[in-house]
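J.: Structure of the sequence below:
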Amino acid sequence: MSSLLVLLICITLSPILTIASLHCPNQCKCDDEKLDINCEEGHLDVLPIALNPSIERLVIKNNKIRTIDSSIHFYTQLTLIDLSYNQLFTIPEKTFQYQRKLQQLHLNHNKIGNISNRTFIGLSELAVLNLKGNLIDSLDNKAFMALSNLEELNLGQNRIMRIQAGAFDGLENLKILYLDDNILGAIPSPSFRPMPKLAELYLGVNSLFRIDSNAFEALPELTKLDLRGGLVMNISVDAFKGIEQLKILNLADNKFTRIPTEAFSNLSRLEDLSIGQGEYEIIPAYAFMGLKHLKRIDITGSGKLRVIKDGAFSKNVNLRSLTISSNRGLGVIEGNAFLGLAFLKHVNLRGNSLTTIFESWFSWNELDLLDLSDNPINCDCEVVRVVQTIFPSNKLFLLNNTMCATPDPLRGLPLSDLSYDMLGCAYLNSRESDLIGITLVIIAAIFTAAFLVIFRFRARIREALKRTWDAKFFKTTEFQRPYHKTSSEEDFLPRQSNFYSYNINSTLSFYPHLESPQQHLPPPPQLYASRPLPVTEL
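T.: Modelled structure (predicted):
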């Protein structure tokens, strides 16, 4: 009955109020053509009543309004109400029941401590509700039941500790939900079920500590998840199961001590990852395995990070932008840490503790943006060689903001101005280096080919050598073999004399005056009388 009475009063007073609208309050700016009223910082403590009832936008932010009274009922054509940065403590039930066309309601940065399932009755067309920066500590069942067309709900920077499972009932069209900067001790997974179309979820700056398995499985259309500053120490292997459509993930400023590589295996479509300000010391090889569509990664402000190992990003071949900055303990990025990043265009390595640069890090000529500043680069001959080798004249500007830290005579000198003569480095010009390199490659190729041929035909080669050696040996033995007389009949005749008798007789023939010893010697024994002995057996 009271509602009908208020409506009747509005209809009755409408002509009078239209005339009164010609007078705009001093604290406001009124545009009757655009039907827009702006009373920002007007020091108002109540809603103005003498405004054009046909207004569509009412902005009364940064005032001293403590409550929303029934005067709001006069403005039934409103599509936007902004009462942010006031001193609202409560919102009476059915306050907005006549704002059937309202699409945006901004009540952020007030002192509202409680909302119920009757607070927003009548706002069936509302698309955006902002309650950020209030004092809400819990969300009861069906608190937003009347907001069937709501698409964005901001509950950030409150004191929410408890969310009942049915708190978001009726929000089947919600796409963006902010629950960041509250006092949540765990991810309220059961309360997500009424929101199957949710695309963006902000849960950072809470006390989550861990992310359990299937924490987000009720949100199959989620594309952005913000968990920064959530004090997360442990991430389950299946933490991100069910949100395979995710494209943006923010895990910065958490407490896990190693990169959660296994958990990333469910995020094959992820394109943007922020994981800085962590407690990990090493980024190992294949740290981001599974993120094959990753295009941007940000590792900023991880004070304990010391080393990035070879192959750390080798599975992220589509990476376009790489930020590894302000990691003051990072002194080692191994030579092949960025191997295979052919599409990389933007590199930020600012503010680390790098003392050298490696030619093998990047395809330097393909970079459009490079920041190596604020690193203690030691400008030695190797750094000069790398600079002279990898940076053509039209790309040297990329090093203009990168200075030598040592040696002292070169401190503050841009790397783009370095030359071999400054350090007395011995060097070969590029043509000589290329020729030497080509020659070494050719020699290596020849030796490799020869080895492969020998190895392939080793059996045949061994057989051929063996035949050659056998033939040569046969020829040698033919030439060296002694002559053997062929056996004949006379070889088998009995022999009456021997070598010694022949020698004595020969001697006596020269000395006839000597008496032959044979006259006194016994006859020689018949050694071969039993069988004729061929000459060849002597």
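J.: buried ones in stretch 115-130?
T.: Within stretch 115-130, the residues scored as buried using 16 or more other Cβ atoms under 10 Å are 115, 117, 118, 119, 120, 121, 123, 126, 127, 128, 129, 130. The way it works is simple: take the backbone N, C-alpha and C, and place the C-beta from them, glycine included.
J.: what about that stretch, start to end distance?
T.: End-to-end distance for stretch 115-130: 13 Å, by Cα to Cα, to the nearest Å.
J.: Could you do stretch 222-233 as well?
T.: Length of stretch 222-233, first residue to last, Cα to Cα: 23 Å.
J.: which of the residues in that stretch are buried?
T.: 222, 223, 224, 225, 226, 227, 228, 229, 230, 231, 232.
J.: Who are the contact partners of the closest residue to residue 270 other than its chain neighbours?
T.: Leaving out its chain neighbours, the residue that sits closest to residue 270 by Cβ to Cβ, 6 or more residues apart in numbering is residue 291, at 5.2 Å. For residue 291, the contacting residues are 264, 267, 268, 270, 273, 315, 316, by Cβ atoms under 8 Å, 6 or more residues apart in numbering.
J.: Same check on residue 319?
T.: Residue 319 touches 294, 295, 296, 297, 313, 341, 343, 344, counting by Cβ under 8 Å, 6+ apart.
J.: Derive a ChimeraX selection command for the buried subset of these.
T.: Under the burial definition 16+ other Cβ under 10 Å, those of the contacts of residue 319 that qualify are selected in ChimeraX by:
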select :294,295,296,297,313,341,344
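J.: Adding distance to residue 178 and secondary structure as columns, could you present the contacts of residue 319 in JSON lines?
T.: Shown next, in JSON lines, are those (distance: Cβ to Cβ, whole Å; DSSP: H, G, I helix; E, B strand; the rest coil):
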{"residue": "294", "distance to residue 178": "25", "secondary structure": "coil"}
{"residue": "295", "distance to residue 178": "25", "secondary structure": "coil"}
{"residue": "296", "distance to residue 178": "23", "secondary structure": "strand"}
{"residue": "297", "distance to residue 178": "24", "secondary structure": "strand"}
{"residue": "313", "distance to residue 178": "32", "secondary structure": "coil"}
{"residue": "341", "distance to residue 178": "34", "secondary structure": "coil"}
{"residue": "343", "distance to residue 178": "33", "secondary structure": "coil"}
{"residue": "344", "distance to residue 178": "33", "secondary structure": "coil"}
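J.: Which two of the contacts of residue 319 have the greatest separation?
T.: Greatest spatial distance in those: 297 and 343, 13.1 Å, computed using Cβ to Cβ.
J.: Just the helices from the stretch 301-450 of the chain, written as ranges.
T.: Taking DSSP state H, counting those that start in this stretch, the helices of the stretch 301-450 of the chain run over residues 381-390, 420-423, 430-456.
J.: swap that for the chain, please
T.: Using DSSP state H, the helices found in the chain span residues 2-20, 381-390, 420-423, 430-456, 458-480, 499-510.
J.: Disregarding residues adjacent in the polypeptide, which is nearest to residue 266?
T.: Closest to residue 266 by Cβ to Cβ, 6+ apart is residue 240, at 4.7 Å.
J.: What separation do you get for the one you found and residue 296?
T.: 18 Å (Cβ to Cβ, to the nearest Å).
J.: before we move on, back to that, out of the helices of the stretch 301-450 of the chain, flag the one nearest residue 34.
T.: Among the helices of the stretch 301-450 of the chain, helix 381-390 sits nearest to residue 34 (Cβ to Cβ), with 57.8 Å.
J.: ok, and for that closest one, which residues are buried?
T.: Counting neighbours by 16+ other Cβ under 10 Å, one finds that the buried residues in helix 381-390 are 383, 384, 385, 386, 387, 388, 390.
J.: Could I get the contacting residues of the last one?
T.: Residue 390 makes contact with 359, 364, 365, according to Cβ under 8 Å, 6+ apart.
J.: Out of those, which is nearest to residue 409?
T.: The closest of those, once distances to residue 409 are taken by Cβ to Cβ, is residue 359, at 24.5 Å.
J.: hang on, the closest one packs against residue 384?
T.: No - counting by Cβ atoms under 8 Å, residue 359 stays clear of residue 384, with 11.9 Å between them.
J.: Could you pull up the contacting residues of residue 252?
T.: 228, 229, 274, 275, 276, 277, 278, 298, 300, 301.
J.: The same query, at a cut-off of 6 Å, please.
T.: Shown in contact with residue 252 (Cβ atoms under 6 Å, 6 or more residues apart in numbering): 228, 274, 276, 277.
J.: check contacts around the spatially closest residue to residue 132 that is not a sequence neighbour.
T.: Leaving aside its chain neighbours, residue 132 sits nearest to residue 108 (4.1 Å; criterion: Cβ to Cβ, 6+ apart). Contact analysis of residue 108 by Cβ under 6 Å, 6+ apart lists 84, 130, 132, 133.
J.: pLDDT and distance to residue 398 for these - can I get that in CSV?
T.: Listed next are those as CSV, based on pLDDT from 0 to 100; distance: Cβ to Cβ, whole Å:
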residue, pLDDT, distance to residue 398
84, 98, 44
130, 99, 43
132, 98, 41
133, 98, 43
